[in-house]
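Q: Generate a structure from the sequence data that follows.
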Amino acid sequence: MWPRIGELRALALGTPGELRATLNTLVLAGVKTATAGRLAEYAEEGEELEHVGERLALVDDDNALAGVVEITGLEVVRFADVPWDFAHAEGEGDRSIGEWRAGHSAYWARLGTPVDGDTPIVCLRFRLVSGGEGGVASGDLGT
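A: Got it, this is the predicted structure:
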């Protein structure tokens, strides 16, 4: 199971360290409004898919609250079918869908969970509800 903060499931982007810090900064700046994950991760962690309207606690390396996001869209597609508009919304600087696929394929391979064109990918779109240290009011933790 993923960590929880209050009633909210945690959204821990990337891997701990520089990558997570960079991705969180992009979310808090409003640049990153989407993220992708392998569908198999949900089964491995005993988690259900998110749903539109669900709020998630964006967490840092210590599972401390960095912000709150609200899911605005969810689609499960084959890795080969992830569309460019989604990849661009991830806000990570990829200049093409090919570059996005190469980067994500390499990332998952480094984690020991390689993907191929048929791997189901969960494409989450979200909006920032609140964020920044001290900027998350307790009222924002409700779902």
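Q: can you pull the alpha-carbon coordinates of the longest helix along the chain into CSV?
A: The residue-count maximum for a helix in the chain (DSSP state H) belongs to helix 97-110. Output of helix 97-110 as CSV, limited to C-alpha atoms (Å, rounded to 0.1, in the frame of the first residue of the first chain):
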residue,chain,number,x,y,z
ILE,A,97,6.8,11.4,-28.2
GLY,A,98,9.8,9.3,-29.2
GLU,A,99,12.0,11.2,-26.8
TRP,A,100,9.3,10.7,-24.0
ARG,A,101,9.1,7.0,-24.8
ALA,A,102,12.9,6.5,-24.8
GLY,A,103,13.2,8.4,-21.5
HIS,A,104,10.4,6.5,-19.7
SER,A,105,11.5,3.2,-21.1
ALA,A,106,15.0,3.8,-19.7
TYR,A,107,13.6,4.9,-16.4
TRP,A,108,11.5,1.8,-15.9
ALA,A,109,14.4,-0.4,-17.1
ARG,A,110,16.7,1.1,-14.4
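Q: Pull up the pairing partners for the strand ranked longest in the chain, direction included.
A: Counting by DSSP state E, the longest strand found in the chain is strand 65-78. Paired with strand 65-78 in the same sheet, following DSSP bridges, are strand 55-59 (antiparallel), strand 120-131 (antiparallel).
Q: Report the central residue of the protein.
A: Centroid-nearest residue in the chain, with Cα atoms, centre = their mean: Thr35, separated by 3.7 Å.
Q: does it count as helix, strand or coil?
A: At Thr35 the chain is in strand, as set by DSSP: H, G, I helix; E, B strand; the rest coil.
Q: who touches it in this structure?
A: Contact analysis of Thr35 by Cβ atoms under 8 Å, 6 or more residues apart in numbering lists Leu11, Leu13, Leu23, Glu90, Leu124, Phe126. For every residue, glycine as well, the C-beta is placed using N, CA and C.
Q: Great, nothing more from me.
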